[in-house]
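In: one predicted model, sequence on top.
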Protein chains: 2
Amino acid sequence: MAEIVVGPRVRKSPFYDAVVACGVSSVSIYNHMFLPISYGDLLAEYERLTSAVVLWDVAAQRQVEISGPQATELAQLVSARRLVDLRPGRARYAPMCDQRGCLINDPVALRLAEDRWWFSLADSDMLHWISAVGASAGLDAEVFEPDVSPLALQGPRAEAVARDLFGAEITESIGFFGHRPVELDGIPMQLSRSGWSRQGGFEMFLTDGSRGIELWDKVMCAGEPYGIGPGGPHPMERIESGLLSYGADTDADTDPIEAGLAAFVALDDDTEFIGKQALLARQADPQNRRKLVNLVFDAAVPNAENPWPMTRKARPAGECRAAVWSPKLGCHIGLGLVGAAHSQPGTTFEVHAPDGSAAATLSATPFGVSL
Amino acid sequence: MAEIVVGPRVRKSPFYDAVVACGVSSVSIYNHMFLPISYGDLLAEYERLTSAVVLWDVAAQRQVEISGPQATELAQLVSARRLVDLRPGRARYAPMCDQRGCLINDPVALRLAEDRWWFSLADSDMLHWISAVGASAGLDAEVFEPDVSPLALQGPRAEAVARDLFGAEITESIGFFGHRPVELDGIPMQLSRSGWSRQGGFEMFLTDGSRGIELWDKVMCAGEPYGIGPGGPHPMERIESGLLSYGADTDADTDPIEAGLAAFVALDDDTEFIGKQALLARQADPQNRRKLVNLVFDAAVPNAENPWPMTRKARPAGECRAAVWSPKLGCHIGLGLVGAAHSQPGTTFEVHAPDGSAAATLSATPFGVSL
């Protein structure tokens, strides 16, 4: 469409100069920071992610830190998932809801210590919201954005690169969604086995923004024997793998159950969080329920730039929120936010893309991946 | 730097197709929506803004509507400026502070009726924040993002275009920061004498997003005899004119007094708003005060892509937050956020731009414009 404007309003990550030197060709803005998406060949980047290893500047996953005597009370109040029993050194994917029970972010919550948390955010200003919630509730906790910038190493060979960088003793001590503080030649970070793909790997939560280029270069160097290259969160892989993109797959009125996140919402126990009562009330109203579903197209469609209307037997059925080519399945796939009445596998829809309609069939969730 | 990615996560304005058809060449993202900045010739766009008339898609100034029995209480609570005495049909520039007294947005507040307000936002998610504040305070008010998309007509000939479109009776009935509902061939909007330049003009707050292209085309057509062209909020004119860019000129710890907005903050009366006590306490601590000041460079400097360090006699003095060529002054100018001890007109600084240092002198605020 056009060049992105570079100016002081949009923040640059600590890896920015390296990203530019690597030839970044398309970017977005996420949490008021540039987010590199591609370096010119999305299919090659997919191939590298699924068969080798890629390095992503995901510093735009900004962190909100909550610390202090009542940090855990506040972390729980703003999270729809039960967190109070999470052990330090562990992380959980923890959706956030507003008072209406609608999704306003879907961060990963990392517990660093009994009284210290990070929320690794999707694209919305939760710093202000969490601060307001904490102040209103009179909770004794500090809420701020720390100097933390995630750099993601993803792909089947990420393990080998991390082992060469940090040593097997460290990497093997970290289970899935585990994390621990480490240093790499004096560069401090929290090393976490996590990331926004299902190809395995680590996120290096750099805790000294002045050392981003050093870290980037060291990882690139260590990854060379394994075929590393730069990339970004991948629109094809994430849909194949059933990973939610908050704000893309969801609209302002989507609740976490509609978004397929029921397993990550504590509705059935005594956990208290903002939006819980509203969410229970929404569920009791089956009339207006929707569901985020996987779609397989029977023909080529353009990448979805907009939500497209969906119909079933010529009657409105929902919206197609995303459409991409799937290298794994060899066809076009997408995501639809459809009325719950239309959410049976095998249901067929007409999807009204700008260049004409295409038929799409509802597929099991997610595309052949077991969660 | 790179192309901007177009996908469903970032919203398109109702004017998007027209903007693309007009050849937009550089864009940013603002409130999760594309914000067109330039159509390829920033100097020609400056010339048109200051001597004729331009049309800006500023739908990314998203609105938060507050309505209901206690709407005014909530509007006041979230605004550092006194609003309770604002009459319906009038607007005020009204900074917002968090609990620390720091600036988190600087919207224009439009009072539509006794119990109905819009906040025309800068770039941060105040919808979530205001919702949380309202819910915590137990105020009976709805908070939501309405279907409202501002389109700005700016420049000395904007008046003539608006008169041809709406009739002199309507345009002359609207004073500065006044607004009223009007229709243009059935297209509904709130017409306001406002906009983010000091060249005069109107903002058309379109209230039916399905009619954006129609509105754009009608205005372009009416503006043709007056030399209208497309443009965007202009980085040169706004600095010459002393208009704040929240998030560019300010960092996470800037309060409205530091940002030069003392005239828009109700510290001296009984107005109650979030952050007031913290703001009073900050003012009582002169040690750490800063001030946003105008700078005139003695040499050419690149456009500021980052805040640059500033020194005075080789000691740290602050940050240069913006630097541009000024067509009006015929030199490079900028904005510095400097220690209050360094805020006397005539003070000279060294500004450390990436390509070398330049000297800059503090100029009176703003550059020859009377507020």
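Out: Structure received. Numbers count the residues shown, from 1 in each chain, chains lettered A, B, ... in the order given.
In: does the lengthiest strand in chain A come close to chain B?
Out: Assignment by DSSP state E gives strand A:315-326 as the longest strand of chain A. Yes. Residues of strand A:315-326 are located near chain B by CB under 8 Å from any CB of the partner chain, namely A:321, A:322. For the C-beta atoms, the positions are set from N, CA and C on the backbone; glycine is no exception.
In: would you list the phi and psi of the closest residue to chain B within chain A?
Out: Here the residue of chain A nearest chain B is residue A:136; by CB to the nearest CB that distance is 3.3 Å. Phi and psi for residue A:136, reported as degrees, to the nearest 10, are phi -60, psi -40.
In: tell me how many other residues surround it.
Out: Neighbour count of residue A:136, defined by other CB atoms under 10 Å in any protein chain shown: 16.
In: next, the contact list for it, please.
Out: B:132, B:133, B:136, B:137 (CB atoms under 8 Å, 6 or more residues apart in numbering or on different chains).
In: leaving out the residues flanking it, which one is nearest to the first one?
Out: Leaving aside its sequence neighbours, residue B:132 sits nearest to residue A:132 (CB to CB, 6 or more residues apart in numbering or on different chains; 4.4 Å).
In: restricting to C-alpha, output the one helix or strand that neighbour maps to in PDB.
Out: Assigned by DSSP states H and E, residue A:132 belongs to helix A:126-136. Output in PDB follows, covering the C-alpha atoms of helix A:126-136 (Å, rounded to 0.1, in the frame of the first residue of the first chain):
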ATOM      1  CA  MET A 126      -3.000  -2.600  29.000                       C
ATOM      2  CA  LEU A 127      -0.500  -0.500  31.000                       C
ATOM      3  CA  HIS A 128      -3.100   2.200  31.400                       C
ATOM      4  CA  TRP A 129      -6.000  -0.200  32.000                       C
ATOM      5  CA  ILE A 130      -4.200  -2.300  34.600                       C
ATOM      6  CA  SER A 131      -2.900   0.800  36.400                       C
ATOM      7  CA  ALA A 132      -6.500   2.100  36.600                       C
ATOM      8  CA  VAL A 133      -7.800  -1.200  37.900                       C
ATOM      9  CA  GLY A 134      -5.100  -1.500  40.500                       C
ATOM     10  CA  ALA A 135      -5.600   2.100  41.700                       C
ATOM     11  CA  SER A 136      -9.300   1.800  41.900                       C
END
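In: average pLDDT for that helix?
Out: For helix A:126-136, the mean pLDDT works out to 97.
In: same thing with stretch A:78-96?
Out: Rounded mean pLDDT across stretch A:78-96 is 98.
In: and chain B, is it touching that?
Out: No. Shown here: stretch A:78-96 not in contact with chain B (CB under 8 Å from any CB), separated by at least 9.3 Å.
In: show me what counts as buried in that stretch.
Out: By 16 or more other CB atoms under 10 Å in any protein chain shown, the buried positions in stretch A:78-96 come out as A:78-83, A:86, A:89-96.
In: on that earlier part again, can you say which of the contacts of residue A:136 are buried?
Out: B:132, B:133.
In: of the contacts of residue A:136, which is the nearest to residue A:326?
Out: residue B:132 (39.0 Å; CB to CB).
In: burial measure for residue A:294, as a count.
Out: The number of residues packed around residue A:294, counting by other CB under 10 Å, is 22.
In: ok, now residue A:315?
Out: Residue A:315 has 8 neighbouring residues, counting by other CB under 10 Å.
In: for the stretch 201-350 of chain A, which residues are neighbours of chain B?
Out: Residues of the stretch 201-350 of chain A lying near chain B by CB under 8 Å from any CB: A:235, A:245, A:247-249, A:252, A:274, A:303-307, A:321-322.
In: so of those, which ones are in helices?
Out: residue A:235 (DSSP state H).
In: the residues of the stretch 201-350 of chain A next to chain B, buried ones only, as a PyMOL selection?
Out: What follows is the PyMOL syntax selecting those of these that are buried according to 16+ other CB under 10 Å:
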select buried, chain A and resi 235+245+247+248+249+274+303+304+305+306+307+321+322
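In: now, the residues of the stretch 201-350 of chain A next to chain B that are in strands?
Out: Using DSSP E, the members of these that fall in strands are A:321, A:322.
In: including pLDDT, could the residues of the stretch 201-350 of chain A next to chain B go into a markdown table?
Out: A markdown table is the format used below for these (pLDDT from 0 to 100):
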| residue | pLDDT |
| --- | --- |
| A:235 | 96 |
| A:245 | 97 |
| A:247 | 97 |
| A:248 | 97 |
| A:249 | 97 |
| A:252 | 95 |
| A:274 | 98 |
| A:303 | 89 |
| A:304 | 87 |
| A:305 | 88 |
| A:306 | 88 |
| A:307 | 93 |
| A:321 | 96 |
| A:322 | 95 |
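In: among the residues of the stretch 201-350 of chain A next to chain B, which one lies nearest to residue B:110?
Out: Nearest to residue B:110 among those, with distances taken as CB to CB, is residue A:252, at 21.1 Å.
In: wait, doesn't that closest one sit right on residue A:102?
Out: Yes. Applying CB atoms under 8 Å as the test, residue A:252 and residue A:102 come out as touching, 6.8 Å apart.
In: of all the residues of the stretch 201-350 of chain A next to chain B, which two lie farthest apart?
Out: Longest span within these, CB to CB: A:274 and A:303, 34.8 Å.
In: for residue A:351, helix, strand, or coil?
Out: strand (DSSP: H, G, I helix; E, B strand; the rest coil).
In: beta partners for it?
Out: residue A:310, residue A:358 (DSSP bridges).
In: list the contacts of it.
Out: A:295, A:297, A:301, A:308-310, A:320, A:323, A:334, A:336, A:357-360.
In: and the two most separated of those?
Out: The most widely separated members of the contacts of residue A:351, counting by CB to CB, are A:297 and A:309 (15.0 Å).
In: out of those two, which sits in the busier spot?
Out: Per other CB under 10 Å, whichever of residue A:297 and residue A:309 has more neighbours is residue A:297, with 22 against 16.
In: just to revisit the earlier point, any idea how far the residue of chain A closest to chain B is from residue A:60?
Out: 28 Å (CB to CB, to the nearest Å).
In: other SSEs contacting the longest strand of chain A?
Out: Helices and strands touching strand A:315-326, by 3 or more CB pairs under 8 Å, 6 or more residues apart in numbering or on different chains; DSSP states H and E, are helix A:235-240, strand A:290-297, strand A:308-312, strand A:331-339, strand A:348-353.
In: in JSON lines, list those along with distance to residue A:283.
Out: Converted to JSON lines, the helices and strands packed on strand A:315-326 look like this (distance: least, CB to CB, whole Å):
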{"stretch": "helix A:235-240", "distance to residue A:283": "26"}
{"stretch": "strand A:290-297", "distance to residue A:283": "12"}
{"stretch": "strand A:308-312", "distance to residue A:283": "23"}
{"stretch": "strand A:331-339", "distance to residue A:283": "15"}
{"stretch": "strand A:348-353", "distance to residue A:283": "24"}
